[in-house]
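Undergrad: could you work out the structure for the sequence below:
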Amino acid sequence: MGFLPTSKLSLAIAIVSLSAVSGCSSIRPDWKDCSHLLSAPKEGMRSDLQFSDGNAHQPVEVRLNGVSAQCHGDEDTIYMAVNAGLKVKRDLAKGAEVLRLQVPFLISLLDKDDKPYDLNSSGYRVAFPKNEDTLYPVAGFKLELKQGGRAVIALTPEAVDIN
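TA: Presented below is the predicted three-dimensional model:
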């Protein structure tokens, strides 16, 4: 038994390394922009919420500030990662203390014939620091759709106070 000469050893290491690197794309899914499969109706792009912060009611205005999606899939399912930009605004004259709240979303999954087959309610937690009136968070969601389907996301007026 002998050792490989340095040039052959280098070649063997290079081949093994190249095989490992090229194999990563088959292990990890190939995510692609699929924002065309995600929509937000005009009626669900803005919501006025009321929160009780102890002594007074705190009105909060929320609006979708852009939505995007990345997808990969197999022959039956589309795996979608959604990013929903939000603008969350409150009136400091009505309360400037720390405020924790949950922004409620409604997510409907539609099949290839635009018939709804699943409806989910979800929320995204937001915390206003003291004396802060506007936040621009990005809410992230993971969805699984039937192949050929799409998703609709909307804000809802019912809020869950998490104080």
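Undergrad: neighbours of the residue nearest to residue 99 when sequence neighbours are not counted, how many?
TA: Spatial nearest neighbour of residue 99, excluding adjacent residues (CB to CB, 6 or more residues apart in numbering): residue 128 at 4.3 Å. Glycine gets a C-beta too; all of them are placed from N, C-alpha and C. Per other CB atoms under 10 Å, the neighbour tally for residue 128 reads 24.
Undergrad: ok, now the one 4 residues further on?
TA: Taking other CB under 10 Å as the criterion, the count of residues near residue 132 is 14.
Undergrad: SS state for it?
TA: Under DSSP: H, G, I helix; E, B strand; the rest coil, the three-state class of residue 132 is coil.
Undergrad: wait, the residue nearest to residue 99 touches residue 90, no?
TA: Yes. Assessed by CB atoms under 8 Å, residue 128 is found in contact with residue 90 at 6.3 Å.
Undergrad: shared neighbours of the two, which are they?
TA: Listed as contacting both residue 128 and residue 90 by CB atoms under 8 Å, 6 or more residues apart in numbering are residue 99.
Undergrad: where does pLDDT dip in this structure?
TA: 1-26, 52-56, 159-163 (pLDDT under 70).
Undergrad: what do you get if the cut-off is 50, keeping everything else the same?
TA: 4, 23, 55, 159-163 (pLDDT under 50).
Undergrad: residue nearest the centroid of it?
TA: Centroid-nearest residue in the chain, with CA atoms, centre = their mean: residue 140, separated by 2.1 Å.
Undergrad: quick one: residue 91 from residue 58, how far?
TA: Going from residue 91 to residue 58 by CB to CB, to the nearest Å gives 8 Å.
Undergrad: repeat for residue 132
TA: From residue 132 across to residue 58, the span is 13 Å (CB to CB).
Undergrad: can you map out the strands along this structure?
TA: Under the criterion DSSP state E, the chain carries strands at the ranges 32-33, 38-39, 46-52, 57-73, 77-90, 99-110, 116-128, 134-135, 138-146, 150-155.
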